[in-house]
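# only the shape, not the letters, is given here:
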């Protein structure tokens, strides 16, 4: 009996997506391993490949020592042709089908993917594809589309029509130019390939596939979106909605994000989108019937009946978030200017520059990107996976009274701050943090909370409006390797924003990161991450890999030793720039009251000698932590159990010093971490000193966040 073509389960497809998003390689890079002395050189990419070869290919692509066997087997079977009698891991598959499939799942632009697929199947390099080769590509597209939630019954005829039209000269063969021209003008295919959501031509819609919870109507044919999940294509910029089959006919009537010249600047006008109104009319306060009835202004978000809208003034005040929006009338093409646009904000406003890391917090970043592009001018919102922070910072470089909102983890915030350093901005823009993912110690100490969990973005913007500016110290760290028997890891960062640590906590962090690289699907929630940290912490208690660390490290400040070897045995030492560490724990401990501090310092004056270090217990007890005092704190951890108690907020660390500079010398190979980025370091000399201060938005009232 012929074997039926098998599919991955939804969970397995999600697992594959997670792996693809985590690897640093592209499938086209792995294809190079088939030539020369590459790891896949014993296989021919134009011939069928067996299960062992497929497994090696997946290990190389995903940068894993082992790929989960169940996933690997299911994926291998899914590429077996219909009618194959082989079962399990027997038989062979075409690696081209695998590569085509994976290139659709991974990141990259539509044009790049189209060209890569063409060259992949054009094995004889004659510059043509025949109908069978194109059918193979379409088959893989349909397979991926089905997993991503598309209605393939609608997509299939669209692709079939494209295939009929793509052979423009009707010679039965398709050239690269014909293939790209057809692909880049078929909108559903572009969305499937990963349409670039960055703004290009004004008036052009930016489509994405959306599952609607309520009944919606197509703006083109005005009929209901039907079928499972009420799926349709929705414009990210203006919320114009169409069927997949209608999108090719949709007019280029999206918003303008800038004006062509200063001469054409007029008062800001409403931009109306018809139908699909879920709110009551802002004028008569009555409900609006479903369907293509009513109007919504894309800028101020006002909703009216068609009749009520005729009596509303044409000028748009930009609505609730006018203080943060850059209207099109404020952006004009620059002449003889360093950037491509010149920005002249509305007087008295505070334009917001939004950076989003789509890899932070699972899929939170992607959804947030869509929401913010609709909330503000799309030119204010940047996806950090598309060119990093430089384009956005360059765009806002000369904008006065601006603010920056970073949606991501502490590492993303550090990336933005580092980019600002390199830009040498005359006036630093204050940075607010919307924390995604886990950890988020910097966001916690600025009162932005432990992590975003679907709260209203509107309320978060209102919190930003009420925030104050606090200065954050930043520290430079220089690591001089003193050699070792084994090669050490590369130091991940040279600036400390949050903390730097050596020993037991860095060891746990290093094991966590190593495991997450191997099995990213096991680290897709905050609860799972905490469970893994607990497991690694427990195993570290028994292995005690950093026992008696204080005997192999010298710590000094301003030329004076901190004499850490005279206190209790330590397995970890941390330099703290902010109060929180380990995802919200306070390693230094709570500050004493002002009255108690004055009392303690009076007793110190009677006993103080000439040597400032080591500091007495009373001095350390009186020390006050502040993220902008140009001082940092040094604390010790006795063992992993102690670290666990600190993390559980039942104990603090051992206070060692409060200082403005530090030098450490290690005599053995030890784990270290900077702001949660771990590595293993050979014997070395480390110097830490003050770099600069940067303005950060701090929420004084924490009532909003739990």
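That came through fine. All values derive from a computational prediction rather than experimental measurement.
# what about the helices in the stretch 151-300 of the chain?
152-166, 176-184, 187-193 (DSSP state H, counting those that start in this stretch).
# just those: most buried one?
helix 187-193 (a mean of 21; mean count of other C-beta atoms under 10 Å). In this view, the C-beta of every residue, glycine as well, is placed from N, C-alpha and C.
# output the contacting helices and strands for that one.
Helix 187-193 is packed against helix 110-121, helix 131-147, helix 152-166, helix 176-184, strand 207-211, strand 231-235, with contacts defined by 3 or more C-beta pairs under 8 Å, 6 or more residues apart in numbering; DSSP states H and E.
# circling back to that earlier point, want to throw the helices of the stretch 151-300 of the chain into TSV with distance to residue 304 and mean pLDDT?
Conversion of the helices of the stretch 151-300 of the chain to TSV gives the following (distance: least, C-beta to C-beta, whole Å; pLDDT from 0 to 100):
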stretch	distance to residue 304	mean pLDDT
helix 152-166	32	71
helix 176-184	38	78
helix 187-193	30	70
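# output the ones you listed as a markdown table; include the columns distance to residue 327.
Output for the helices of the stretch 151-300 of the chain, formatted as a markdown table (distance: least, C-beta to C-beta, whole Å):
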| stretch | distance to residue 327 |
| --- | --- |
| helix 152-166 | 36 |
| helix 176-184 | 31 |
| helix 187-193 | 28 |
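# out of the helices and strands packed on helix 187-193, which gets nearest to residue 695?
strand 207-211 (34.6 Å; C-beta to C-beta).
# quick one, the closest one and strand 231-235 angle?
With axes from the mean of the first three to the mean of the last three C-alpha atoms, to 10 degrees defining the directions, strand 207-211 sits at 140 degrees from strand 231-235.
# which residues of the stretch 1-150 of the chain fall in strands?
48-50, 92-94, 128-129 (DSSP state E, counting those that start in this stretch).
# just give me the lowest mean pLDDT stretch among those.
Among these, strand 128-129 carries the lowest mean pLDDT, at a mean of 82.
# list the helices and strands that one packs on?
So strand 128-129, by 3+ C-beta pairs under 8 Å, 6+ apart, packs with strand 174-175.
# adding mean neighbour count and distance to residue 308, write the strands of the stretch 1-150 of the chain out as JSON lines.
Formatted as JSON lines, the strands of the stretch 1-150 of the chain follow (neighbours: other C-beta atoms under 10 Å; distance: least, C-beta to C-beta, whole Å):
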{"stretch": "strand 48-50", "mean neighbour count": "17", "distance to residue 308": "65"}
{"stretch": "strand 92-94", "mean neighbour count": "19", "distance to residue 308": "60"}
{"stretch": "strand 128-129", "mean neighbour count": "20", "distance to residue 308": "55"}
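# what sits up against stretch 44-64?
With contact meaning C-beta atoms under 8 Å, 6 or more residues apart in numbering, stretch 44-64 is reached by 19-20, 22-25, 27, 30-31, 33-34, 39-40, 43, 65-67, 72-73, 75-76, 89-96, 98, 102, 123, 517-518.
# mind giving me the ChimeraX select for the residues you listed, buried ones only?
Filtering those down to the buried ones (16 or more other C-beta atoms under 10 Å) takes a single ChimeraX command:
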select :19,20,22,23,27,30,31,33,34,40,43,67,72,73,75,76,91,92,93,94,95,96,98,102,518
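# kind regards, and thank you for your time.
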